[in-house]
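Novice: Sharing a model prediction with you, sequence too.
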Amino acid sequence: MARRHRHSHQHYLEGQDERHLRQLTLIRDLQDAVGNGELWMAYQPKVDSRTGMVNQFEALMRWRHPSLGFVPPDEFIGLAERSGNIRMLSQWMLTHVCAQLQLWQQHGYHLSVAVNLSASDVMDPQLATHLANLLNRHQLSPEQLSLEVTESAVMQDVDTATATLQELNRLGLKIAIDDYGTGYSSLAQIKRLPVDELKIDKSFVLAIDSQKDDFTIVRSTIEMGHSLGLRLVAEGVENRASAELLSKLGCDYLQGYWIAKPMPSEALTDWLDNFIP
Ligand code: C2E
Ligand code: CA
Ligand code: CA
Ligand code: CA
């Protein structure tokens, strides 16, 4: 008995060690990932629930590590945040996305992309200036780029975040609150920020067609959000039943595997050309 206990404890420690080693490796290699061309962006469409039209995409970062293979962003973004590498990743991402938008533009596709920002991006007093320069350099109009921030990122330092968001708003960039419903802030608090859009977290959306409670939460979020003048987006729309329910509830935009998975830029224009609303 005692022996078995010791054995399982040791096993647990080994698991911890392995995880720790992986994290250290990832943090170390993250610094070269940009230079080595191991990062790319995937784009996932958001569909207008009334018209079925698509001209908006969310940009999601991808990393293929040379020996560990595909590393999910939920893992490496958090590590980058904690190891002080996130601003470098965000800089690469913003430049890359703007260059891609310009390229699409030159091929006759006037598209608009939403990017994800971390807490430290929102705390960066240079962010607005940097974005203004990027838009200028790539000849983009501000409505082609929008920003997604989580409520927890904003709430880390509400005053600084509000100042940044106001500056971005003055530039004409739209701002969305991501993962809405997973934090502790109320809509009243969020409404004090210059926010245009709420993205209902996928944990409420995934089973909306079978879970009565999820349906009720989503319905009241849409109602309240609309009454405050916000645009509502549902992420994690995985089947037709959910898409139909959300459209009936008046959710403005739908995003999820039912419409399309995130795809590399080369696949996107093909997808658009074949997409029949
Ligand atoms: P997020 O911003 O909430 O992005 C939505 C996530 O849901 C994406 O995961 C997307 O691939 C996934 N998803 C989309 N449709 C469905 C669906 O129908 N069902 C399910 N189950 N999932 C769906 P992904 O790409 O793995 O990204 C995870 C998170 O990593 C993102 O969550 C975001 O917080 C972070 N992230 C990704 N790219 C960036 C980036 O460039 N910068 C920053 N700061 N964070 C990023
Ligand atoms: Ca997002
Ligand atoms: Ca989200
Ligand atoms: Ca998320």
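Specialist: That came in fine, so what should we check first? Residues are numbered from 1 along each chain as shown. Ligands and ions are numbered 1, 2, ... in the order given.
Novice: list the helices and strands the host helix or strand of residue 98 packs on?
Specialist: Element membership for residue 98, per DSSP states H and E: helix 86-106. The helices and strands touching helix 86-106, judged by 3 or more C-beta pairs under 8 Å, 6 or more residues apart in numbering; DSSP states H and E, are strand 39-48, strand 54-65, helix 73-83, strand 112-116, helix 119-122, helix 127-137, strand 145-150. Where you see a C-beta, it was placed from the backbone N, CA and C, and this is true even at glycine.
Novice: Report the angle between that helix and helix 127-137.
Specialist: 30 degrees (axes from the mean of the first three to the mean of the last three C-alpha atoms, to 10 degrees).
Novice: So for residue 217, what's the nearest residue that isn't a sequence neighbour?
Specialist: Using C-beta to C-beta, 6 or more residues apart in numbering and skipping the chain neighbours, the partner closest in space to residue 217 is residue 204 (5.4 Å).
Novice: Now do the one you found against ligand 3, distance only.
Specialist: 11 Å (C-beta to the ion, to the nearest Å).
Novice: how about the strand or helix carrying that residue, does it reach ligand 2?
Specialist: Using DSSP H and E, the element containing residue 204 is helix 202-205. No: interface with ligand 2: helix 202-205 contributes nothing (C-beta under 5 Å from the ion), its closest point being 9.9 Å away.
Novice: got it, and stretch 166-176?
Specialist: No: contact of stretch 166-176 with ligand 2 (C-beta under 5 Å from the ion) is absent, the minimum separation being 7.6 Å.
Novice: quick check, distance from that stretch to the centre of its chain.
Specialist: 17 Å (C-alpha atoms, centre = their mean, to the nearest Å).
Novice: How about stretch 156-164?
Specialist: Worked out by C-alpha atoms, centre = their mean, stretch 156-164 lies 19 Å from the chain centre.
Novice: Would you mind listing what in this protein touches ligand 2?
Specialist: So the chain meets ligand 2 at 116, 148, 178 (C-beta under 5 Å from the ion).
Novice: Return the member of those residues nearest to ligand 1.
Specialist: residue 116 (3.7 Å; C-beta to the nearest ligand atom).
Novice: Can you tell me the closest non-neighbouring residue to that closest one?
Specialist: Residue 116's closest residue in space is residue 148 (C-beta to C-beta, 6+ apart), at 4.9 Å.
Novice: So what's the residue count around that neighbour?
Specialist: Using other C-beta atoms under 10 Å, residue 148 has 21 other residues around it.
Novice: Can you pull the residues of the stretch 151-277 of the chain lying near ligand 1?
Specialist: Proximity of the stretch 151-277 of the chain to ligand 1 (C-beta under 6 Å from any ligand atom) is limited to residues 178-179, 202, 235-238, 256-257, 262.
Novice: All the helices of the stretch 151-277 of the chain, in order from the start?
Specialist: 151-155, 158-170, 187-191, 202-205, 212-227, 240-248, 265-274 (DSSP state H, counting those that start in this stretch).
Novice: Any idea which of those has the lowest pLDDT on average?
Specialist: Confidence, taken as mean pLDDT, is least for helix 187-191 of the helices of the stretch 151-277 of the chain (a mean of 85).
Novice: Next one: the residue nearest the centre of the chain, what pLDDT does it get?
Specialist: Closest to where the C-alpha atoms of the chain average out (C-alpha atoms, centre = their mean) is residue 116, at 4.2 Å. pLDDT recorded at residue 116 is 98.
Novice: related to what we said a few turns ago, give me every residue that touches the residue nearest to residue 116.
Specialist: Residue 148 sits next to 58, 114-117, 175-178, 199 when contact means C-beta atoms under 8 Å, 6 or more residues apart in numbering.
Novice: and if we set it to 10 Å?
Specialist: 58-59, 114-117, 174-179, 197, 199, 233, 235 (C-beta atoms under 10 Å, 6 or more residues apart in numbering).
Novice: likewise residue 79?
Specialist: Residue 79 neighbours (C-beta under 10 Å, 6+ apart): 22-24, 26-27, 30, 71, 85-86.
Novice: just for this protein, where's the confidence low?
Specialist: 1-13, 276-277 (pLDDT under 70).
Novice: That'll do, ta.
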